[in-house]
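Asker: Kindly return the folded structure for what I paste below:
(one chain, ligands or ions: 2)
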Amino acid sequence: MLQLKDASLLRQHCYIGGNWSAADCGETLDVTDPATGETIASVPYCGESETQRAIAAAQAAFPAWAARPAVERSRILRRWFELLMENQDDLARLMTAEQGKPLAEAKGEIAYAASYLEWFAEEGKRAYGDVIPSPFPDSSIVVTKEPVGVCAAITPWNFPMAMLTRKAGPALAAGCTMVAKPAEQTPLSALALAELGVRAGIPPGVFNVVTGDARAIGGALTSSPLVRKLSFTGSTATGRLLMRQCAETVKKVSLELGGNAPFIVFDDADLDAAVAGALASKFRNAGQTCVCSNRFLVQDGVFEAFANRLAEAVRALKVGKGIDDGVVQGPLIDERALAKVEALVDDAIGKGARPLAGGRRHALGRTWYEPTVLADATPDMHLAREEIFGPVAPLFRFKTEQEAIAMANDSEYGLAAYFYSRDHGRAWRVSRKLEYGMVGVNTGMISTEVAPFGGIKNSGLGREGSKYGLEDYLQIKYVAMAGQ
Ligand SMILES: NC(=O)C1=CN([C@@H]2O[C@H](COP(=O)(O)OP(=O)(O)OC[C@H]3O[C@@H](n4cnc5c(N)ncnc54)[C@H](OP(=O)(O)O)[C@@H]3O)[C@@H](O)[C@H]2O)C=CC1
Ligand SMILES: O=C(O)CCCC(=O)O
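Answerer: Residues are numbered from 1 along each chain as shown. Ligands and ions are numbered 1, 2, ... in the order given. From the prediction side, this is the model:
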């Protein structure tokens, strides 16, 4: 049973136009704990009609919200940030219950999520324009930044709070309003965020959350001419589909999609640091992040040493229910996710990969997979191309820097890449040559609200966080002002 200090954070209705409401059809969707399979709550199974109402509410709220001085919006966002931090424990419990991640990680995500609200509360005040020297006499050219309008956010289950605040923060700071659709596995964090938004003073209609039928809600959001922007985080396949659907109404689109991150360990690397970085970048959230290292490329001279040290560290990871003390790896999100990880590892082992740690389902059952290290991975294995989204580290061998770069760039994705080297010249050279939106040099942790998060190639469009993150929610207007 989910125990919260503030039980009213567990919301089981959608939030539309300032009202908590059920689905028109009266149906609900169960939310289950991935650790136990038990139902912890249920939320409305909404579809097109409720989404249209949310869009209308967001459209109605837009003019007044956009017209408020940025500093007023900033104060409300700041209060939202404070409320997340004041309720960090409850929000983390809620997240662990619906998502499965260890409680310490869930607390970390609440702080990370809150940091986007704090950051954009400040950045919203700095949506500066320009005055351009005019080529014509007696005239001025003025450039202003305006909010794009009603925005849609579709978010995944792996970071139920942070993926939403890094869209809602800049959107609301810029003066936009929003309709959000969280993943069906993890709607409770989004609804708790809406509840705290009410307490922070966000006016009705400015931030709406609709749960339910993804296709119907997504269809309504993408086809509506009132929605001027879509921001999506999730799989590349769904991102492509949504982008196509947005084409008809020519929306601004931000997509944060799949990855296939290389993690390169050169002969001159500090191996202790590389192992620590590998653990952080691979096993966070049981490997279920888009920036998780997917392919470890290890130079010949340190291959065995790195493999053995990593395997030893991985064998020591404590697996269990996220709510239990000392656990660092919880369950995967559902049985489908487990089946995918299992199939990828079985394929790799069938093609010659050598398990140095794990390599099979965990004894805990249904949704658990053993933290795994596979030596002797090769490019013909499916996991060389597919996002594993599980606690599995495949190690590939390379001989030269050139070969490592070619292997790293041999992917349709271009989100995050990591490498470890003590050579300063190599650090600059390799980081320039990697075809990725983000590169970690001697670090496995690159996420922060102050830096631009996003990818190239099939990993997406746009950037979240940092000063660049605000731009995605602004449009440029140029005014040619003639006369004295
Ligand atoms: N980049 C990332 O961070 C993520 C990557 N993934 C990758 O995707 C794989 C599959 O995960 P999955 O959860 O299915 O990812 P999806 O991309 O399908 O889901 C992400 C979000 O999109 C929604 N969605 C799905 N289909 C539609 C649609 N037709 N119209 C509108 N919204 C839609 C989902 O809603 P609903 O949950 O209701 O179906 C969810 O809110 C993972 O194994 C992983 O490889 C997954 C999640 C995050
Ligand atoms: O998996 C994702 O989509 C985002 C990773 C979380 C982060 O590091 O910001």
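
Asker: So this protein: which segments form each domain?
Answerer: With the TED database serving as the domain definition, the record reports that the chain contains domains spanning 7-257+459-480, 262-441.

Asker: Figure out which of these is closest to ligand 1.
Answerer: Using C-beta to the nearest ligand atom as the measure, domain 7-257+459-480 is the one of the domains of the chain that comes nearest ligand 1, at 2.2 Å. Every C-beta, even on glycine, is put in place using the N, C-alpha and C of the backbone.

Asker: State the mean pLDDT of that closest one.
Answerer: For domain 7-257+459-480, the per-residue pLDDT values average out at 98.

Asker: Can you measure across stretch 28-47, start residue to end residue?
Answerer: End-to-end distance of stretch 28-47: 11 Å, with C-alpha to C-alpha, to the nearest Å as the criterion.

Asker: Stretch 348-358 now?
Answerer: In stretch 348-358, first residue to last residue: 13 Å (C-alpha to C-alpha).

Asker: Identify each buried residue in that stretch, please.
Answerer: Of the residues in stretch 348-358, those with enough neighbours to count as buried (16 or more other C-beta atoms under 10 Å) are A348, I349, A353, P355, L356, A357, G358.

Asker: Would you confirm that V206 contacts L172?
Answerer: Yes - counting by C-beta atoms under 8 Å, a contact exists between V206 and L172, whose distance comes to 6.5 Å.

Asker: where do the contact lists of those two overlap?
Answerer: Contact criterion C-beta atoms under 8 Å, 6 or more residues apart in numbering; residues shared by V206 and L172: W65, M178.

Asker: which of the two has more neighbours?
Answerer: Neighbours were counted for V206 and for L172 using other C-beta atoms under 10 Å; L172 has more, 29 against 26.

Asker: dump the residue contacts of that one.
Answerer: L172 is in contact with W65, R73, I76, L77, F120, G124, M178, I202, V206, F207, counting by C-beta under 8 Å, 6+ apart.

Asker: So it belongs to a helix, correct?
Answerer: Yes - in this structure, L172 lies within a helix as judged by DSSP: H, G, I helix; E, B strand; the rest coil.

Asker: Roughly how far does it sit from E50?
Answerer: As judged by C-beta to C-beta, to the nearest Å, L172 and E50 stand 21 Å apart.

Asker: And for S21?
Answerer: With C-beta to C-beta as the criterion, S21 and E50 are 7 Å apart.

Asker: higher neighbour count, these two?
Answerer: Comparing S21 with E50 by neighbour count (other C-beta under 10 Å), the higher total belongs to E50, at 26 against 16.

Asker: who are the neighbours in contact with the more buried one?
Answerer: For E50, the contact set (C-beta under 8 Å, 6+ apart) comprises C14, I16, S21, A23, D24, P44, V210, G212.

Asker: what pairs with L230 across the strands?
Answerer: Judged by DSSP bridges, the bridge partners of L230 are A152, V253.

Asker: what number of residues lie near it?
Answerer: Other residues near L230 come to 24 when the count uses other C-beta under 10 Å.

Asker: okay but it is in contact with A152, surely?
Answerer: Yes - checked against C-beta under 8 Å, the pair L230 and A152 is within contact range at 4.7 Å.

Asker: what residues are shared contacts of those two?
Answerer: Overlap between the contact sets of L230 and A152, as judged by C-beta under 8 Å, 6+ apart, is given by L221, T222.

Asker: thinking again about what came up before, the contacts of E50 in helices, which ones?
Answerer: Assignment to helices by DSSP state H places none of the contacts of E50 there.

Asker: Can you show me the helices along the stretch 1-150 of the chain?
Answerer: Secondary structure of the stretch 1-150 of the chain, counting by DSSP state H, counting those that start in this stretch: helices at 48-67, 70-86, 88-99, 103-123.

Asker: closest to ligand 2 out of the ones you listed?
Answerer: For these, proximity to ligand 2 was assessed by C-beta to the nearest ligand atom; helix 103-123 is nearest, at 7.1 Å.

Asker: hmm, the closest one touching ligand 2?
Answerer: No - for helix 103-123, no contact with ligand 2 is found by C-beta under 6 Å from any ligand atom; the gap never falls below 7.1 Å.

Asker: same for that helix, what does it pack against?
Answerer: helix 70-86, helix 88-99, helix 162-174, helix 466-471 (3 or more C-beta pairs under 8 Å, 6 or more residues apart in numbering; DSSP states H and E).

Asker: Among those helices, which comes closest to F389?
Answerer: F389 lies closest to helix 88-99 among the helices and strands packed on helix 103-123, at 13.5 Å (C-beta to C-beta).
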